[in-house]
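Colleague: sequence first, predicted coordinates after that:
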Amino acid sequence: MKSPLYFSLKTIVAAFIFAVVSPSVNAQSVWIMDFVEVKNGKEAEVAYFIRENWQVFRVEAQKQGIITSYKVLKTTPDSTAAFRYILMTEYADSTAVRLSEERFRPILKALRPNGPQFLNESRPKDFWQIPISKEATTFIHSNEKK
């Protein structure tokens, strides 16, 4: 049986998805969201990895039209949710999501031919975990015409 905390966290995630997902133009866009927990107090390593890898790849992917937009939200962990960052990538539609791995591969090879850059030689398994990864479609958007 799942603990009440598990269900509470799922409720928070669901509410977040429907409340703040998108400043995109397309009401049918799809968001992939990764909820990141910092491990072992390695906040600097996580921030470095996000800026020097995750963001760099998305800047190029956006230039190439592979993604529509991206965001990184920073939160304060608490007793109901331990995550610190929410990494959000917006795709035009579900087809773009399905093709994202193969489309990102050349970007990763071109920008980081020797692999991702790390601070202090820490690897992701040492500084973060992603207990929740969620896909959501835009339901309502502020730019939507009534």
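Modeller: Received, thanks.
Colleague: and residue 58, what element?
Modeller: Taking DSSP states H and E as the criterion, the element that holds residue 58 is helix 55-63.
Colleague: what residues sit buried inside that helix?
Modeller: 56, 57, 58, 60, 61 (16 or more other Cβ atoms under 10 Å). For the C-beta atoms, the positions are set from N, CA and C on the backbone; glycine is no exception.
Colleague: now do stretch 80-99
Modeller: Within stretch 80-99, the residues that qualify as buried are 81-92, 96-97, counting by 16+ other Cβ under 10 Å.
Colleague: can you pull the contacts of residue 49?
Modeller: Residue 49 makes contacts with 116, 117, 118, 119, 124, 127, 128, as judged by Cβ atoms under 8 Å, 6 or more residues apart in numbering.
Colleague: and those, which of them are in helices?
Modeller: Judged by DSSP state H, the contacts of residue 49 include 124, 127 as members of helices.
Colleague: over to the residue nearest the centre of the chain: give its phi and psi.
Modeller: Residue closest to the mean C-alpha point of the chain, counted by Cα atoms, centre = their mean, is residue 87 at 2.4 Å. Recorded main-chain torsions at residue 87 are phi -90, psi 120, according to degrees, to the nearest 10.
Colleague: can you classify the closest residue to it other than its chain neighbours by secondary structure?
Modeller: Closest residue to residue 87 apart from its sequence neighbours, by Cβ to Cβ, 6 or more residues apart in numbering: residue 34 at 4.4 Å. Look at residue 34: counting by DSSP: H, G, I helix; E, B strand; the rest coil, its state is strand.
Colleague: distance of residue 34 from residue 103?
Modeller: In this structure, residue 34 and residue 103 are 18 Å apart, going by Cβ to Cβ, to the nearest Å.
Colleague: nice, that's everything, thank you.
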